[in-house]
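Engineer: Coordinates for the following, if possible.
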Amino acid sequence: CHASMLVAMHAARVRSASFSAAAVRAFSSAPTVAPRAIEMYDTTLRDGTQGEGVSMSLNDKLQIAERLDEMGFDYIEGGYPLSN
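Structural biologist: Below you'll find the predicted structure:
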């Protein structure tokens, strides 16, 4: 796989790099920032059905919603029943 080859090449470069003791100390003493949560919001079921000639069955919409949920989306906007 092309991606795995790139990862292996990058890992080899990182292993072969040498850093001065001062650079390592400077990096390790840098302040850390707490990670922030990222919320993902998807509008595929609303905006994605507004194009001309686009039509989805109830089963199609349920499958899309299930996949978005599996991918970890926090919010899935479904639209309005009479317009979407």
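Engineer: C-alpha from now on. contacts and neighbour counts both.
Structural biologist: Will do.
Engineer: any residues touching stretch 62-79, and which ones?
Structural biologist: E39, M40, Y41, D42, T43, T44, L45, R46 (Cα atoms under 8 Å, 6 or more residues apart in numbering).
Engineer: how close does the third one get to S55?
Structural biologist: Okay, so that is Y41. 22 Å (Cα to Cα, to the nearest Å).
Engineer: Can you flag the buried ones in the contacts of stretch 62-79?
Structural biologist: Among those, those classed as buried by 16 or more other Cα atoms under 10 Å are T44, L45, R46.
Engineer: D42: what's its closest spatial neighbour, skipping adjacent residues?
Structural biologist: Nearest residue to D42 in three dimensions, chain neighbours excluded: I76, at 5.0 Å (Cα to Cα, 6 or more residues apart in numbering).
Engineer: Run a quick neighbour tally on that neighbour.
Structural biologist: Using other Cα atoms under 10 Å, I76 is surrounded by 18 other residues.
Engineer: Got the phi and psi for it?
Structural biologist: When quoted as degrees, to the nearest 10, the phi and psi of I76 stand at phi -130, psi 110.
Engineer: Tell me where this protein has strands.
Structural biologist: In the chain, strands defined by DSSP state E lie at 41-42, 75-76, listed in chain order.
Engineer: Please tabulate these in CSV, including the columns distance to A34 and mean pLDDT.
Structural biologist: Formatted as CSV, the strands of the chain follow (distance: least, Cα to Cα, whole Å; pLDDT from 0 to 100):
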stretch, distance to A34, mean pLDDT
strand 41-42, 22, 88
strand 75-76, 24, 90
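Engineer: will you turn the ones you listed into TSV that also has distance to G51?
Structural biologist: Putting the strands of the chain into TSV (distance: least, Cα to Cα, whole Å) gives the following:
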stretch	distance to G51
strand 41-42	16
strand 75-76	19
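Engineer: Which one of those strands lies nearest to A21?
Structural biologist: Judged by Cα to Cα, the one of those that comes nearest to A21 is strand 41-42, at 44.0 Å.
Engineer: So which residues make contact with the closest one?
Structural biologist: Outside strand 41-42, the residues that reach it (Cα under 8 Å, 6+ apart) are L68, F73, D74, Y75, I76, E77.
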